[in-house]
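Undergrad: My questions concern the predicted model and sequence given below.
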Amino acid sequence: MACCRSALRGGDVPDGSRSCFIGDVDWVVLLVGVIGWLVVPAGCGGVRVREARLDRTDSGLAPATAGWFVVNVRDAAWETGAFGDACFFENGQAPFEQLGISVRVLWPGRSRWLYHAESAQEDFLVLSGEALLLVEEAERPLRPWDFVHCPPGTAHAFVAVGERPCAIVMVGARPPGPKASSISLPSSRMRSCSSHRSPPRSRTHSSFVELLTAGRSCILDFGLWSREERDALRLRARRLGVRVELHYVNVELAELIRRTAQRCADAPETAPDISAEQLAVWASSFQAPSSAEQRLFDAPLAAPQRTTAVAPG
């Protein structure tokens, strides 16, 4: 078993229109309220709220003035970036003052993710697809209609897994006073989920167990960045009554950067786009196995000796 490389190479998802994920949702009603609303019927001394004007942009309809409005997600303006596709419903001309709300679509093997914490409350609802939630150094698999609540300061990230895009409604409070801040955090579970393409970890681990149960040997080099992950797989292999070896190669960061750059130069079409800065962050998150941990594994079997027959002279 090796623990020096990690990759998530989710199956390629063909590009398509937004209907590929919105159409998967038969119905959804989202009621998002802000405490302190004051409803005054027209004609009772209150000020009527005007309807906002929606202008058509290159990517869809967006509010050009403040006020109430109705827009279908398919018709609204969308943005596409490294963290997936997003529909924010607002823009710089007509921002929302008390609440930020968006629909984000995360693509397995393509969308980057950021382990971070916000200073204000956030809530999330999965509409379609599958995702892996990294939260406070724990992991939770997510499926449609799973709801995630994050109080202020909760470290979290969403990683799309499976073979289809994952659509999530994301809501964040905007309390009065200083603007809410976002803090990027290191995580012992960070792995390359943006440029690599491989099966989700759960599927890899199930295949690993199936092979061992069938009496086959296998090499697992997926993840294993943390001591917790390595312990879990080692104990699982022990319960199956098989040998388990750990092969750890300590490579300096400078050498990793050199090899990555060389790989990109040799095969720019297929090599992952990983910067030196990303490698430095991931290297700082890797928990190298100590000597005590390595002794928990079986010693590697000696390679068979080659013999050379010499004909008598």
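TA: Looks like it arrived, so ask away.
Undergrad: quick one: what helix or strand has the residue lying closest to residue 253 once chain neighbours are set aside in it?
TA: Leaving aside its chain neighbours, residue 253 sits nearest to residue 283 (5.1 Å; criterion: Cβ to Cβ, 6 or more residues apart in numbering). Where C-beta positions appear, they are placed from N, C-alpha and C, glycine not excepted. Using DSSP states H and E, residue 283 maps to helix 276-285.
Undergrad: Please pull up the helix or strand immediately following that helix.
TA: Counting by DSSP H and E, what follows helix 276-285 is helix 291-294.
Undergrad: Show me the contact partners of that following helix.
TA: By Cβ atoms under 8 Å, 6 or more residues apart in numbering, the residues outside helix 291-294 that reach it are 227, 230, 246, 248.
Undergrad: what about that helix, distance to the chain center?
TA: 30 Å (Cα atoms, centre = their mean, to the nearest Å).
Undergrad: Kindly report the same for stretch 209-228.
TA: Between the centre of stretch 209-228 and the centre of its chain there are 22 Å (Cα atoms, centre = their mean).
Undergrad: And that stretch, end to end?
TA: The first and last residues of stretch 209-228 sit 18 Å apart, counting by Cα to Cα, to the nearest Å.
Undergrad: Likewise for stretch 107-126?
TA: Counting by Cα to Cα, you get 14 Å between the two ends of stretch 107-126.
Undergrad: mind listing what's buried in that stretch?
TA: Neighbour-count burial for stretch 107-126 flags 107-113, 115, 117-118, 120-126 (criterion: 16 or more other Cβ atoms under 10 Å).
Undergrad: re earlier: with pLDDT, distance to residue 78 and secondary structure added, can I get the contacts of helix 291-294 in JSON lines?
TA: Formatted as JSON lines, the contacts of helix 291-294 follow (pLDDT from 0 to 100; distance: Cβ to Cβ, whole Å; DSSP: H, G, I helix; E, B strand; the rest coil):
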{"residue": "227", "pLDDT": "78", "distance to residue 78": "41", "secondary structure": "helix"}
{"residue": "230", "pLDDT": "80", "distance to residue 78": "41", "secondary structure": "helix"}
{"residue": "246", "pLDDT": "90", "distance to residue 78": "46", "secondary structure": "coil"}
{"residue": "248", "pLDDT": "89", "distance to residue 78": "44", "secondary structure": "coil"}
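Undergrad: low pLDDT regions in this protein?
TA: Scanning the chain with the threshold set as pLDDT under 70 gives 1-46, 178-207, 222-223, 271-272, 303-313.
Undergrad: Do a quick rundown of the strands in it.
TA: For the chain, the strands defined by DSSP state E cover 54-57, 60-63, 79-81, 84-87, 99-106, 116-118, 122-128, 130-135, 138-142, 147-150, 156-161, 166-173, 182-184.
Undergrad: what number of residues lie near residue 140?
TA: As a burial measure, residue 140 scores 12 neighbours (other Cβ atoms under 10 Å).
Undergrad: Report the beta-bridge partners for residue 105.
TA: Following DSSP bridges, residue 105 is listed with bridge partners residue 85, residue 167.
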